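1. Here is my input; please provide its structure:
(2 chains)
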Amino acid sequence: MTSLALHGVRGGLGRSALLAALGYALQGVGERVLLIDLCPSNLLGLHFNLPLDTQEGWALAERQGRPFDDAVYEVLPGLRLMPFGNLPGGVPHPVPDAQAWRSRLADLAGHFDWVLLDLPQRAADTAGHSIETDVRVLVAEAEMASHLLLGREPLERYDMLLVNRYDPASRLQSDVLMVWRDLFRDRLPIQVVHRDEAFLEALACKAPLGHYAPQSLACRDVQSLAVRCLARRQP
Amino acid sequence: MNTGKADPADRSDDIAQLRQHLAMPDLNYQDISMLVGVQQALQRWPLLGESCRASTPGTSDAAAAQREAVTS
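-> As a prediction, this is how the structure comes out:
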């Protein structure tokens, strides 16, 4: 089993939609995939047609003293999803416990080829950030806030830089991407996913990108990402 | 839609093939157009230029020196 997480240099980078699309792409090539939503916003399941009022999830099960994997949905053959769950109002959201998740991931190892974690955007030095995965992808957009925040990241901790929502018609974006290719040459492979309305429309239709718009440019980008991930598959 | 032609990363394969064809694995290749492009980008966007001068990882220092040499 290979575990993978997308880390954002900042919030609002579309990581949940990317993760849903990546999970779908890996399932499409025959991999057994589990997607785990670690974000209290509990949105990941909506990319796979779970009802909006779905309450179940690992955090709710944990709070009620049930096994964390009580609520796993098989959303497609070979593709399962564990939502965060909907906690009662006023209940503080638990920060995912890195040590507990390490042991849980070890338990899941025999059942899946991939476990993809949708991490919450971290506050600095939170425990949620320290959940270790085999593959760590850093997500950014080719703009200045991402550029400045990238400069504060320990790049050696990541396997890949994913530039999301890239618009080649933007002078600024193409310049920033060119500078990154120069700066990170030989240090961090770069994967581009183009800006595509299909990402937004896919969520509106409660489907992952590859299901909603299989011919879109962004979908082909995500398939390239999946191929790069497969090259890092653990034995 | 083919967006790959303008992508400098795609050209690295060409260089790898050239190295193989010439049996010169250590061939030192400088992508002049990219170096000039980076220099122009740093001038076009002041914050980008300022940040690249401020953050001084070793490789970018070397790259900046190369860029100055190319454009001077």
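2. separation between the nearest residue to residue A:136 once chain neighbours are set aside and residue A:65?
-> What sits nearest to residue A:136 in space, not counting adjacent residues and going by Cβ to Cβ, 6 or more residues apart in numbering or on different chains, is residue A:158, at 4.9 Å. For glycine as for every other residue, the C-beta is placed from the backbone atoms N, C-alpha and C. Separation of residue A:158 from residue A:65 (Cβ to Cβ, to the nearest Å) stands at 36 Å.
3. neighbour count winner among the two?
-> For residue A:158 versus residue A:65, neighbours defined as other Cβ atoms under 10 Å in any protein chain shown are more numerous around residue A:158 (18 against 6).
4. Surely the more buried one and residue A:6 touch.
-> No: with contacts counted by Cβ atoms under 8 Å, residue A:158 stays clear of residue A:6, the gap being 10.3 Å.
5. Name the residues contacting each of these two.
-> Listed as contacting both residue A:158 and residue A:6 by Cβ atoms under 8 Å, 6 or more residues apart in numbering or on different chains are residue A:137.
6. As a check, name the ranges of all strands in chain A.
-> A:2-8, A:33-37, A:73-76, A:79-82, A:114-118, A:135-140, A:160-166, A:190-194 (DSSP state E).
7. Any chance of those strands in TSV with mean pLDDT and mean neighbour count as columns?
-> Below are those laid out as TSV (pLDDT from 0 to 100; neighbours: other Cβ atoms under 10 Å in any protein chain shown):
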stretch	mean pLDDT	mean neighbour count
strand A:2-8	96	22
strand A:33-37	98	27
strand A:73-76	97	16
strand A:79-82	98	25
strand A:114-118	97	25
strand A:135-140	97	21
strand A:160-166	98	23
strand A:190-194	98	21
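8. which element is the residue in chain B that chain A sits nearest to on?
-> Residue nearest to chain A within chain B: residue B:41 (3.6 Å; Cβ to the nearest Cβ). Assigned by DSSP states H and E, residue B:41 belongs to helix B:32-44.
9. Okay, the residue of chain B closest to chain A and residue A:214: tell me how far apart.
-> Residue B:41 is 35 Å from residue A:214, by Cβ to Cβ.
10. Looking at chain A, which residue is nearest chain B?
-> Closest point on chain A to chain B, by Cβ to the nearest Cβ, is residue A:175, at 3.6 Å.
11. So that residue sits against residue B:39, correct?
-> No: Residue A:175 is not in contact with residue B:39 according to Cβ under 8 Å; the separation is 10.8 Å.
12. List, one by one, the residues from chain A near chain B.
-> Counting by Cβ under 8 Å from any Cβ of the partner chain, the positions of chain A adjacent to chain B are A:144, A:147-148, A:151, A:168, A:171-172, A:175-176, A:178-179, A:181-183, A:185-187, A:190, A:194, A:217.
13. measure the residue of chain A closest to chain B to residue A:40 for me?
-> Applying Cβ to Cβ to residue A:175 and residue A:40 gives a distance of 36 Å.
14. what do you get for residue A:211?
-> Taking Cβ to Cβ, one finds residue A:211 at 26 Å from residue A:40.
15. Any regions of chain B where pLDDT drops low?
-> B:1-13, B:29-30, B:55-72 (pLDDT under 70).
16. in it, which spans are helices?
-> B:8-21, B:32-44, B:46-54, B:58-71 (DSSP state H).
17. list the buried ones in the shortest one?
-> So the one you mean is helix B:46-54. Applying a neighbour-count criterion of 16 or more other Cβ atoms under 10 Å in any protein chain shown, one finds B:48, B:51-52 buried in helix B:46-54.
18. what does stretch A:212-227 give?
-> A:212-213, A:216, A:218-223, A:225-226.
19. go on, stretch A:40-55?
-> Going by 16+ other Cβ under 10 Å, stretch A:40-55 has these buried residues: A:40, A:42-48, A:50.
20. any chance of the residues you listed in JSON lines, plus distance to residue A:133?
-> Listed next are the buried residues of stretch A:40-55 as JSON lines, based on distance: Cβ to Cβ, whole Å:
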{"residue": "A:40", "distance to residue A:133": "20"}
{"residue": "A:42", "distance to residue A:133": "21"}
{"residue": "A:43", "distance to residue A:133": "20"}
{"residue": "A:44", "distance to residue A:133": "16"}
{"residue": "A:45", "distance to residue A:133": "20"}
{"residue": "A:46", "distance to residue A:133": "23"}
{"residue": "A:47", "distance to residue A:133": "20"}
{"residue": "A:48", "distance to residue A:133": "21"}
{"residue": "A:50", "distance to residue A:133": "24"}
